[in-house]
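Novice: Next come a sequence and a model predicted from it.
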Amino acid sequence: MNQFGDMFLCNDKGEIYFLDIIKGEANKIADSVAELEVLLLDKEVEASLFLTELLTELEREGITLAEGQCFSFRIPPVLGGKMESSNVEVCSISVHVSLVGQILRQVRHLAPGTKVGPFRIE
């Protein structure tokens, strides 16, 4: 898992998928752990999967994580929130995954650019 709650998942064939919590998408990124390790040597791939620029900014601001925590967007990007440090807070991993999952479930059938009114978080 990266520090934003995105997850690397491995199926029974050894294929690696990246579950992008921000977008609510799971995409195959490698056929094996060894292939993933080679892929991560590419700085652009690493920056994309780990949001390294934003992590660097958060580190400079002194924002750190404890065990069981991840960074979470106050206003999720799917609702128009910006991918910047002022929109990031520290959150329990389980709360983060639950909240983002509920939001994504509620907006998944909306066309891009649809104005979103009140929504319910359980």
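Specialist: Yep, that arrived.
Novice: hey, which helix is longest across the protein?
Specialist: When the chain is scanned for its longest helix (criterion: DSSP state H), the result is helix 93-107.
Novice: Mind giving me the packing neighbours of it?
Specialist: strand 69-73 (3 or more Cβ pairs under 8 Å, 6 or more residues apart in numbering; DSSP states H and E). Glycine gets a C-beta too; all of them are placed from N, C-alpha and C.
Novice: Residues touching the strand it packs on, excluding its own?
Specialist: Contacts with strand 69-73, where a contact means Cβ atoms under 8 Å, 6 or more residues apart in numbering, come from 1, 3-5, 22, 58, 63, 65, 81, 83, 87-93, 95-96, 99-100.
Novice: Now a ChimeraX select for only the buried ones of those.
Specialist: Provided next is the ChimeraX selection string for whichever of the contacts of strand 69-73 are buried by 16 or more other Cβ atoms under 10 Å:
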select :3,4,5,22,58,88,91,93,96,99,100
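Novice: re the thing from before, now do the longest helix of the chain: distance to the chain's middle.
Specialist: Taking Cα atoms, centre = their mean, to the nearest Å, one finds the center of helix 93-107 at 11 Å from the center of the full chain.
Novice: Then stretch 59-76?
Specialist: That offset, for stretch 59-76, works out to 12 Å (Cα atoms, centre = their mean).
Novice: give me the low-pLDDT residue ranges for this structure?
Specialist: Counting by pLDDT under 70, the chain contains low-confidence residues at 116-122.
Novice: What ranges does it have for its strands?
Specialist: Read by DSSP state E, the chain holds these strands, from start to end of the chain: 7-10, 16-20, 25-30, 69-73, 88-92.
Novice: Next, the buried residues of the third one.
Specialist: Applying a neighbour-count criterion of 16+ other Cβ under 10 Å, one finds 29, 30 buried in strand 25-30.
Novice: what number of residues lie near residue 71?
Specialist: Here the neighbour count serves as a burial measure; for residue 71 (other Cβ atoms under 10 Å) it reads 20.
Novice: do the same with residue 47
Specialist: Counted with other Cβ under 10 Å, the burial measure for residue 47 works out to 14 neighbours.
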